[in-house]
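Q: Just a sequence and a predicted model for now, questions to come.
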Amino acid sequence: QVQLRESGPGLVKPSQTLSLTCSVSGNSITTGYYAWSWIRQPPGKGLEWMGVIAYDGSTYYSPSLKSRTSISRDTAKNQFSLQLSSVTPEDTAVYYCARFLSLAQALGGRNEYDYRGQGTQVTVSS
């Protein structure tokens, strides 16, 4: 059974950097052709795909967030992380980490993941 769990601060001040970590169990993030993504859902809005790190460590980002987003991984801990810089209240959302069966599927724009964490609320406020 694959499980993903998000962790990180629930409150971030404007202009600071949001940092979240996704801990994965039941599947190594370096095996297979899986792709590991961050997705968020602002209040009252739909899911927004933010970016992905593939099994080989390659990364891709949403064009609208690319300048502020970085995804990295710690293979020893089987974790991958999100950093979103210069946050504003518009970045308030529930943040999810998710697994896609392939990089192509992750980049396909349909959020057709097969596993997802329960999500973590992040509020940007002073």
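A: Good, I have the coordinates.

Q: Give the full set of residues in contact with Arg99.
A: Counting by CB atoms under 8 Å, 6 or more residues apart in numbering, Arg99 makes contact with 2, 4, 24, 27, 34-37, 113-116. Yep, even glycine has a C-beta here, placed from its N, CA and C like the rest.

Q: List phi and psi for the most centrally placed residue in the chain.
A: The chain has Trp38 as the residue nearest its centroid, 1.8 Å off, counting by CA atoms, centre = their mean. The phi/psi pair for Trp38 (degrees, to the nearest 10) reads phi -110, psi 130.

Q: got it, and Ala104?
A: phi -60, psi -40.

Q: how about the strands in the chain?
A: 3-7, 11-12, 18-25, 35-41, 48-54, 59-61, 69-74, 79-84, 93-100, 115-116, 120-124 (DSSP state E).

Q: Need those strands in JSON lines (columns: mean pLDDT).
A: Compiled in JSON lines, those are given as follows (pLDDT from 0 to 100):
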{"stretch": "strand 3-7", "mean pLDDT": "98"}
{"stretch": "strand 11-12", "mean pLDDT": "98"}
{"stretch": "strand 18-25", "mean pLDDT": "98"}
{"stretch": "strand 35-41", "mean pLDDT": "98"}
{"stretch": "strand 48-54", "mean pLDDT": "97"}
{"stretch": "strand 59-61", "mean pLDDT": "97"}
{"stretch": "strand 69-74", "mean pLDDT": "98"}
{"stretch": "strand 79-84", "mean pLDDT": "98"}
{"stretch": "strand 93-100", "mean pLDDT": "98"}
{"stretch": "strand 115-116", "mean pLDDT": "98"}
{"stretch": "strand 120-124", "mean pLDDT": "98"}
